[in-house]
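Undergrad: Give the three-dimensional model of this entry:
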Amino acid sequence: MSVLIWNIRGAGNPKSLLYLLKIITQRKPQIVAILEPKQQVNKITKIAQQIGYKNYTHGNPLNPYIWVFWRDEVNWQTLEIHPQCLTTEVVIPNIFSGKLTFVYAKCNRQERLPLWDYLSHHSSDCHEPWVIGGDFNVIKTLDEKQGGSNAHMTGMQDFNDFLVDARLTDAGFVGNIFTWSNNQRGQNRIWQRLDRILLNAEAFTAISARVDHLPRLESDHCPLLLNFGQLQTKPSRFYFQKMWTEHHNYQEFVASIWQQIIHGGRANFESELANLRKALRKWNWEVFGKLEDNISSMQSNIADMEARLSHAWEDDLFTECQKEKTDLV
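TA: Next up is the predicted model:
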């Protein structure tokens with residue numbers, strides 16, 4: 001099972017949606033939560049169609065900042081909506097049974113206090129696996145911030161006190177430590193780890209969790225991918241790739257396959273479309289290489305360059321990183 005959580009900072013941005021779809025195509029998460037969609041709630045149906053999910057919910061009117069989408073194999077029940085989080089009961093047979101809470105915390109320290117109180121109160125009554133993830137808008141330790149003014153020590157202490165009171169453990173991560181940047185250049189750059197996954201004791205012992213900090217593109221936050229459990233491998237879904245149309249041989253190749261469909265007649269139309277998909281996959285491999293592997297390699301390069309930039313700024317490295325991000329989207 002995998003869960004993708006991303007503060008997308010605007011679901012109306014076509015490039016953000018394209019990057020989200022690339023992640024979904026490659027990683028195949030059962031659940032996708034996007035934070036700060038910055039869209040009217042009636043747009044959620046269109047977004048669900050664009051990213052390929054039939055099931056979805058939102059926190060409106062109490063919480064317009066969290067939209068969640070899930071696959072059919074997920075048994076879902078929304079339990080409670082809070083102004084800064086959304087809690088659900090999730091069951092995937094033989095994989096996971098417990099609570100998921102998606103968080104979009106306030107930027108102001110005083111306004112976050114009710115969230116800590118709310119989650120701490122619920123932790124005392126929760127005796128099943130509980131996974132809490134999202135944008136907490138606060139760091140836990142001093143090494144989770146680089147650049148800018150000094151860290152807000154009181155807010156950081158509030159957060160650590162909450163973790164102790166609620167008996168929650170940070171799930172850790174793989175990738176760049178920083179999940180947010182102000183996207184400024186040179187000495188004006190600020191990096192922070194604002195996004196994370198937390199586990200209660202039951203979840204910590206019941207699942208083997210891995211959290212990946214994926215490359216930060218389009219938004220100032222990076223996506224979080226939580227993986228745990230094993231799902232049966234399914235054939236990869238076919239997606240049309242816009243880059244194919246820009247190849248000089250594309251039209252000639254498709255025309256030759258389409259001629260076979262025409263000669264096959266209506267009775268064979270479905271089978272010939274399947275043959276076209278198969279031929280396009282083979283052609284993609286021969287011309288572009290395996291797309292998923294290329295994406296993984298580019299994501300790894302971006303994560304490495306951002307990690308290097310967070311330690312020592314280099315204009316040339318920043319330019320190279322931005323080019324790699326543009327090519328990935």
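Undergrad: From here on, just use CA atoms for contacts and neighbour counts.
TA: Fine.
Undergrad: Which parts of the stretch 101-250 of the chain are helices?
TA: When secondary structure is read from DSSP state H, counting those that start in this stretch, the stretch 101-250 of the chain shows helices at 109-123, 153-165, 201-206, 250-264.
Undergrad: Dump these to CSV, plus mean neighbour count, distance to residue 13 and mean pLDDT.
TA: Putting the helices of the stretch 101-250 of the chain into CSV (neighbours: other C-alpha atoms under 10 Å; distance: least, C-alpha to C-alpha, whole Å; pLDDT from 0 to 100) gives the following:
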stretch, mean neighbour count, distance to residue 13, mean pLDDT
helix 109-123, 16, 28, 97
helix 153-165, 16, 32, 96
helix 201-206, 16, 35, 91
helix 250-264, 13, 28, 72
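Undergrad: Distance to residue 324 for these - can I get that in a markdown table?
TA: As requested, the helices of the stretch 101-250 of the chain are exported to a markdown table (distance: least, C-alpha to C-alpha, whole Å):
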| stretch | distance to residue 324 |
| --- | --- |
| helix 109-123 | 36 |
| helix 153-165 | 34 |
| helix 201-206 | 36 |
| helix 250-264 | 24 |
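Undergrad: Nearest to residue 19, out of the ones you listed?
TA: Of all the helices of the stretch 101-250 of the chain, helix 250-264 sits nearest to residue 19, with 23.4 Å by C-alpha to C-alpha.
Undergrad: Give the bridge partners for residue 180, please.
TA: residue 192, residue 221 (DSSP bridges).
Undergrad: Check the burial of it by counting its neighbours.
TA: For residue 180, the neighbour count with other C-alpha atoms under 10 Å is 22.
Undergrad: The helices of the stretch 101-250 of the chain: which one's closest to residue 305?
TA: Across these, closest to residue 305 is helix 153-165 (C-alpha to C-alpha), at 28.0 Å.
Undergrad: Phi, psi for the residue nearest to residue 119 when sequence neighbours are not counted please.
TA: The shortest distance from residue 119 to any non-neighbouring residue, by C-alpha to C-alpha, 6 or more residues apart in numbering, is to residue 166 (7.0 Å). In terms of degrees, to the nearest 10, the main-chain angles of residue 166 are phi -90, psi 0.
Undergrad: same thing with residue 308?
TA: According to degrees, to the nearest 10, residue 308 has phi -70, psi -40.
Undergrad: pLDDT score for it?
TA: If you check residue 308, the pLDDT there is 81.
Undergrad: Just want to check the distance between it and residue 166.
TA: Here residue 308 is placed at a distance of 35 Å from residue 166 (C-alpha to C-alpha, to the nearest Å).
Undergrad: all strands in the stretch 1-150 of the chain, in order from the N-terminus.
TA: Using DSSP state E, counting those that start in this stretch, the strands of the stretch 1-150 of the chain run over 2-7, 31-35, 55-59, 63-70, 75-82, 85-92, 96-104, 130-135, 145-146.
Undergrad: what sits up against the last one?
TA: Yep, that's strand 145-146 we're talking about. Contact partners of strand 145-146, identified using C-alpha atoms under 8 Å, 6 or more residues apart in numbering, comprise 139, 151, 178, 190, 191, 192, 193, 310.
Undergrad: out of everything not next to it in sequence, what's closest to the fourth one?
TA: The spatial neighbour of residue 190 that comes closest, neighbours along the chain excluded (C-alpha to C-alpha, 6+ apart), is residue 147 at 4.6 Å.
Undergrad: Surely that neighbour and residue 186 touch.
TA: No. Residue 147 lies out of contact with residue 186 (C-alpha atoms under 8 Å); the separation is 9.8 Å.
Undergrad: Take the contacts of strand 145-146 and write them to CSV, including distance to residue 16.
TA: Compiled in CSV, the contacts of strand 145-146 are given as follows (distance: C-alpha to C-alpha, whole Å):
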residue, distance to residue 16
139, 25
151, 29
178, 19
190, 22
191, 20
192, 21
193, 20
310, 23
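Undergrad: can I get those residues in TSV with distance to residue 19 and neighbour count?
TA: Shown next, in TSV, are the contacts of strand 145-146 (distance: C-alpha to C-alpha, whole Å; neighbours: other C-alpha atoms under 10 Å):
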residue	distance to residue 19	neighbour count
139	26	22
151	31	18
178	19	23
190	23	19
191	21	20
192	22	22
193	21	24
310	23	20
